[in-house]
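Colleague: Sequence first, predicted model second:
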Amino acid sequence: MASIEFKRVEKRYADNPPTVPGLDLHIRDGEFMVLVGPSGCGKSTTLRMIAGLESVTSGELWIGDRLVNELQPAARDVAMVFQNYALYPHMTVFDNMAFGLRVRKQPASLIKSKVEQAADTLGLADLLARKPGQLSGGQCQRVALGRAIVRDPQVFLFDEPLSNLDAELRVQMRGNIGRLHREFATTSVYVTHDQVEAMTLGSRIAILNRGELMQVGTPMELYNDPDNVFVAGFMGSPPMNIVPVQNRGAGLKNALLDLPRADLGGLAGELLLGIRPEKLHPAAGSPDHWPRLRAKVEMVETLGAEMLVHLGDGSERMIARLPGLQLLTPGQTLELALDPDAIYLFDRHSRQRIRTVQPVAVAEAVPCT
Amino acid sequence: MHLIQRALALWLCLCAVQAVAQEELLLWHGYRGAERQALEQLLDDYNRSQSQVRVRALAVPFGSYADKLSAALPRGQGPDLFIFAHDRIGGWASAGHSIAPIDDFVRPQVLERFPDNLLGAMRYQGSLYGLPFNFKSTALIYNRALIDSPPATTAEMIAQARAHTDRQHGRFGLAYSYTEPFFHGALMNGFGSGPFDAQNRLALDSDTNVRSVQLLTEWVRTDGVLPEEPNSTLVTNLFNQGRAAMVISGPWMLGEIDPQIDYAVAPLPRLSASGTPLAPWVAVEGLFLSPWSDSKEAAYRLMEYLTARESAEQMAIAGGQLPANLGAFEHPQIASNDVAMAFRQQLETAVPIPNLPEMTLLWKPLENVLKKVVKGAAQPAAAMQRLQRDLQRDIAALQASQSRDAGPAQLPAWLWGLGLFLLLAAVTALLKLRRRIAATWRHNRTAYLYILPAMLGMLLLVFFPLLYGLLLSFTDTTLLNENTPLASRWLGLDNYVGILGDWNLWYGAGAERSINFDNFYWTLLVTVCWTASNVLLAVGLALLLALALNKPIFGRAWFRVLLILPWAIPNYITALVWKGMFHPQFGVINQALQIFGIAPVAWFDSVGASFFTGLVTNVWLSIPFMMVVILGGLQSIPRELYEAARVEGAGRWFQFREITLPLLKPVLIPAIILSVVWTFNMFNVIYLVSDGAPAGANDILITKAFRIGFEKYQYAYAAAYSMVILALLFCYALWQTRISRTMEAAR
Ligand SMILES: Nc1ncnc2c1ncn2[C@@H]1O[C@H](COP(=O)(O)OP(=O)(O)OP(=O)(O)O)[C@@H](O)[C@H]1O
Ligand SMILES: [Mg+2]
């Protein structure tokens, strides 16, 4: 097992602008690191650089105590699970799983016992003689996992391994992968663009955007303490409400909100305010000092126990996650209270979090008109 | 009343005249260009000059002329009269129903138009079969810039030739296709009576014939004045480049001589030893009569007209022919033509090619012997003796087929039995299945209609010839008896016994022992080696190239185009180009070898080297197809598989063995199966490049079958040979379907 360290790693394809412009990331030994980000942001590229399938343009990439920039994939002792499984169609399940061991010229008896053990773990024992063409998608995925684990590598790499499966299987396989990680505690790097997968599997999550690392942290750190608008907007479903507000020196204001506040003097005039949908509560029953907002109901999505209420008109929109108890009709005006501890402020231009001030002075909170 | 009677009489008369005028003659010829125009002009004049006969001429493309005549004449579908070379007379006369003697029509004074030797060419077994029309023989053509006066004797000729030979610079005093029997005939006839003795018996091993070969060997090996591996193109090129001082060739070469070259023609010299002149063979074109013609008398009159002096003059002046009516040479315009007069003079000593049917068997084997002897690979006497023995056997086979009356004049009973049985089986099957047949017919009527043309085509073009070939293989059909009823040719399984039961793998004994290259099993061995080595090499090289071109190397698109290009060239052209490149003296391959200080290789002299020439050519021809197929296969292998393997630690070789090869199998196996069949029957390359050299050692089954059929004229034996080839390929097909079925199951 080993840690992985990116030191100012850059990746360019030919003369294009860099796909990964300079990544600093430390993946700890035994950690389950999830890379998330929108499509095309360079997740796969990053992962493939670890595997050695893509070269590093500049910077240093370390696995354990070895600088691996120039090392062939074979020498890196990593195992990779591909999105479309990449099983050898002409080999049986057994041979597919035994491939890496045969390359390493392990004795046949050892191969047999290792493969059978892995097959037991993954529930593939009955399928060893089949060929990939005779397996279902989920079974193929398990074979691909099995092929990775029989070799007992230092690092597991997963590139969207579950994206070809249906929702139910995905949940089940997610469980499988989590269990495997707990069992083997091998350093794993897992690429996905499904944030539920990221949240449930990751020890830590690294969020990438256009090749740049936006933030790294445990799922709850990222959820509760986003560094920037991108992370705040990326995590959570529905995502955090982010609305522009004016800093009038004495308070924050926009079409929906008016939050009075004394000492915001040092901040720019244009800011972004963020609040998660579940931090908007019905006004009735909320503490009096919480700021209020009144807005028109535009649309209601009922999810059973709760509902998502789309608020606003014209330019400003917000979503509130409310208990599914009351009857709301579009067009009606609703009054809500904001949890003052859950209000985030971001710089409008750098889109970075402003941590220097607490946006709302609790005592002075006044409901908007 | 009178008036009516008269009118009636007049009308009847008119009818009669019209009936006479409707007598129509069809004349076939193989002429093109000026010759054709001159002939057609003559015929037009003839048609205008009288009203009883109308002559229609049909110009048959030269390449298919002989086949067309042989097919049409015996069935009575041919022309009334035709123009053709005289050397087929014997074959046609023996086969019967192909050609009619004209003794009954000919007027003695007409024969005075022709010299004796040309008339002799028209005679076979005492009958006159046509009137000679024109003649062609070889003579000495020399470059006047190099040769002042033509040699009178062979010693003089060789002395002059030696003075003009500079092998280093590819200059030769003398050049001609000396290994072709047609050219060597001049020597054989000069020494003695040619390949046949006075009684028309084969006498190749006669003292004079052996001496003629000895003299040729001396010219080639001791005097060294002749180029190696000659052929007509090479001879013409050498002469046109001023690198051959003298050549022996015929009037056909004159049109190809470079206008820059100042040349003259002279008769061939006399033999220094005996003083007798070299006597080249002359090919005489004659006017022949079809036995089926309804207007033989009229046809004969047309022959007279066409060989009359005025016609001959016109054919000479407008058509460029050398007319057989020698009177034409007195015409001032011809008499002043030195070239024509030289050939006219050569005719004095020229000898017509024997028109015996056996003669057709002689060309190829005699050529093989000449090639071998001039290379020093055989001794003249021994080689001619062996050739004599072999040919006597072949001739005996032909004659036996012709004279066999003792055999069963009826087809064997079992054949009828078999036919009846098959018919009954077919009828019962039809009756039994008539419901289903009717039902499927009703359901799939359009489908059946769609495939009907193809089915008819298959029936006509594949099944019928196949059945015919099968029947033929049980007979002893040859050139001489192909028109007799099938029953009288029936032989049974003898051909197959002759092919498969021939275990004479060796010739001679002791130190003289050599492989019998005519043996079926030797040819089979060669064919198997040929097929295996070709497929292995072609697939291997194509695989290497495809692997290289599948990588993103520089200029890959261009390389692909370049490598596929050979495919766009007809394979016989490629084959001829390779043959030229392998020419021992002038080919680039030997010249390149010499640049690197390696001794030139006599490519067509040894079994191995000759095999190699065919191999190289065919591999060159097969690679593009294989490469395209394999490239397609490579590109269908997902890249992730290689990435997965790399991550698993597999090296290149392991990836190739465990991923590329197995995943290429679905395209490789069909490609190999196809290529095996193609190579097994790759006629063009063998025939055009090595031509089975040396002495048929490198013939594969299909070229051997061709030689038996069209060089030895043993049609039935060739048919049996083909059936054996078919059976071999059939077994192979069965075996390979089993292989591919197990492969399918394994997938
Ligand atoms: N071989 C290549 N040549 C040039 N550009 C490439 C190449 N491979 C990837 N890219 C570019 O690099 C960027 C990152 O690609 P990458 O595959 O890492 O995205 P990703 O984050 O995995 O996206 P997805 O979620 O859609 O899989 C993309 O803009 C892509 O177009
Ligand atoms: Mg990707």
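Modeller: Structure's in. What do you need? Computed from a predicted model, the values in this text were never measured in an experiment. Ligands and ions are numbered 1, 2, ... in the order given.
Colleague: List the buried residues of stretch A:183-198.
Modeller: Within stretch A:183-198, the residues that count as buried by 16 or more other Cβ atoms under 10 Å in any protein chain shown are A:184, A:186-195, A:197-198. Backbone N, C-alpha and C define where each C-beta goes, glycine included.
Colleague: typo on my end, it should be stretch B:165-181
Modeller: Neighbour counts using 16+ other Cβ under 10 Å place B:165, B:171, B:172, B:173, B:174, B:175, B:176, B:177, B:178, B:179, B:180, B:181 of stretch B:165-181 among the buried residues.
Colleague: Quick check: chain neighbours aside, which residue is closest to the fifth one?
Modeller: Right, residue B:174. Excluding the flanking residues, the one nearest residue B:174 by Cβ to Cβ, 6 or more residues apart in numbering or on different chains is residue B:161, at 4.1 Å.
Colleague: For the host helix or strand of that neighbour, name the packing helices and strands.
Modeller: Using DSSP states H and E, residue B:161 falls within helix B:154-163. If you count contacts as 3 or more Cβ pairs under 8 Å, 6 or more residues apart in numbering or on different chains; DSSP states H and E, helix B:154-163 packs onto strand B:172-175, strand B:244-249.
Colleague: where does chain B have low pLDDT?
Modeller: Counting by pLDDT under 70, chain B has low-confidence residues at B:1-22, B:404-410, B:745-747.
Colleague: can you list the domain ranges for it.
Modeller: Using automatic domain parsing, the domain ranges for chain B come out as B:21-136+B:284-351, B:517-713.
Colleague: Run through the helices of chain A in chain order.
Modeller: All helices of chain A, identified by DSSP state H, fall at A:43-51, A:73-76, A:93-103, A:108-122, A:137-149, A:167-184, A:195-201, A:219-224, A:229-234.
Colleague: now the residue of the stretch 601-747 of chain B found nearest ligand 1: how far from residue A:144?
Modeller: Of all residues in the stretch 601-747 of chain B, residue B:639 sits closest to ligand 1, at 10.9 Å by Cβ to the nearest ligand atom. The gap separating residue B:639 from residue A:144 is 16 Å, by Cβ to Cβ, to the nearest Å.
Colleague: tell me which parts of the stretch 151-300 of chain A are close to ligand 1?
Modeller: Proximity of the stretch 151-300 of chain A to ligand 1 is confined to residue A:193 under the rule Cβ under 6 Å from any ligand atom.
Colleague: quick one: contacts for the residue of the stretch 151-300 of chain A found nearest ligand 1?
Modeller: Using Cβ to the nearest ligand atom, the closest approach of the stretch 151-300 of chain A to ligand 1 is made by residue A:193 at 5.1 Å. Counting by Cβ atoms under 8 Å, 6 or more residues apart in numbering or on different chains, residue A:193 touches A:36, A:37, A:38, A:39, A:43, A:160.
Colleague: quick one: the helix holding residue B:161 to strand B:244-249, angle?
Modeller: Put simply, helix B:154-163 runs at 140 degrees to strand B:244-249, going by axes from the mean of the first three to the mean of the last three Cα atoms, to 10 degrees.
Colleague: Restricting to C-alpha, output helix B:154-163 in PDB.
Modeller: Output of helix B:154-163 as PDB, limited to C-alpha atoms (Å, rounded to 0.1, in the frame of the first residue of the first chain):
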ATOM      1  CA  THR B 154      28.300 -19.700 -89.500                       C
ATOM      2  CA  ALA B 155      32.000 -19.400 -88.700                       C
ATOM      3  CA  GLU B 156      32.000 -16.000 -90.200                       C
ATOM      4  CA  MET B 157      28.900 -15.100 -88.400                       C
ATOM      5  CA  ILE B 158      30.300 -16.100 -85.000                       C
ATOM      6  CA  ALA B 159      33.600 -14.400 -85.800                       C
ATOM      7  CA  GLN B 160      31.800 -11.100 -86.500                       C
ATOM      8  CA  ALA B 161      29.600 -11.600 -83.500                       C
ATOM      9  CA  ARG B 162      32.500 -12.100 -81.300                       C
ATOM     10  CA  ALA B 163      34.000  -8.800 -82.400                       C
END
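Colleague: outside of that helix, which residues touch it?
Modeller: Contacts to helix B:154-163, defined as Cβ under 8 Å, 6+ apart, come from residues B:140, B:147, B:151, B:172-174, B:215, B:219, B:223-225, B:245-246, B:269-272, B:278.
Colleague: How about stretch B:237-246?
Modeller: B:140-143, B:145-147, B:150-151, B:157, B:160-161, B:164, B:169-175, B:227, B:235, B:247, B:256-258, B:261, B:263.
Colleague: how does it look with 7 Å?
Modeller: Stretch B:237-246 is contacted from outside by B:140, B:142-143, B:146-147, B:161, B:164, B:170-175, B:227, B:235, B:247, B:257-258, B:261, using Cβ atoms under 7 Å, 6 or more residues apart in numbering or on different chains.
Colleague: hang on, the earlier thing: on the pLDDT front, check the residue of the stretch 151-300 of chain A closest to ligand 1 for me.
Modeller: Listed pLDDT for residue A:193 reads 85.
Colleague: want to throw the buried residues of stretch B:165-181 into CSV with distance to residue A:208?
Modeller: Shown next, in CSV, are the buried residues of stretch B:165-181 (distance: Cβ to Cβ, whole Å):
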residue, distance to residue A:208
B:165, 84
B:171, 80
B:172, 81
B:173, 86
B:174, 86
B:175, 81
B:176, 84
B:177, 80
B:178, 84
B:179, 80
B:180, 82
B:181, 86
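Colleague: Farthest-apart pair in the residues you listed, please.
Modeller: Spatially, the most separated pair among these is B:171 and B:181, at 26.8 Å (Cβ to Cβ).
Colleague: Please tell me how far the closest residue to residue B:379 other than its chain neighbours sits from residue B:216.
Modeller: Of all residues not flanking residue B:379 in the chain, residue B:373 sits nearest, at 7.4 Å (Cβ to Cβ, 6+ apart). Distance of residue B:373 to residue B:216, computed by Cβ to Cβ: 8 Å.
Colleague: Residue B:626 now?
Modeller: From residue B:626 to residue B:216 the distance is 45 Å (Cβ to Cβ).
Colleague: which of these two has more neighbours?
Modeller: residue B:626 (25 against 21; other Cβ atoms under 10 Å in any protein chain shown).
Colleague: Run a quick neighbour tally on residue B:339.
Modeller: Residue B:339: 15 neighbours (other Cβ under 10 Å).
Colleague: how about it, what does it touch?
Modeller: Contacts of residue B:339 by Cβ under 7 Å, 6+ apart are B:254, B:265.
Colleague: and it, what helix or strand is that in?
Modeller: Secondary structure from DSSP H and E places residue B:339 in helix B:338-347.
Colleague: thinking again about what came up before, columns distance to chain B on top of the helices of chain A, output as JSON lines?
Modeller: Putting the helices of chain A into JSON lines (distance: least, Cβ to the nearest Cβ, whole Å) gives the following:
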{"stretch": "helix A:43-51", "distance to chain B": "5"}
{"stretch": "helix A:73-76", "distance to chain B": "4"}
{"stretch": "helix A:93-103", "distance to chain B": "4"}
{"stretch": "helix A:108-122", "distance to chain B": "13"}
{"stretch": "helix A:137-149", "distance to chain B": "8"}
{"stretch": "helix A:167-184", "distance to chain B": "18"}
{"stretch": "helix A:195-201", "distance to chain B": "21"}
{"stretch": "helix A:219-224", "distance to chain B": "28"}
{"stretch": "helix A:229-234", "distance to chain B": "28"}
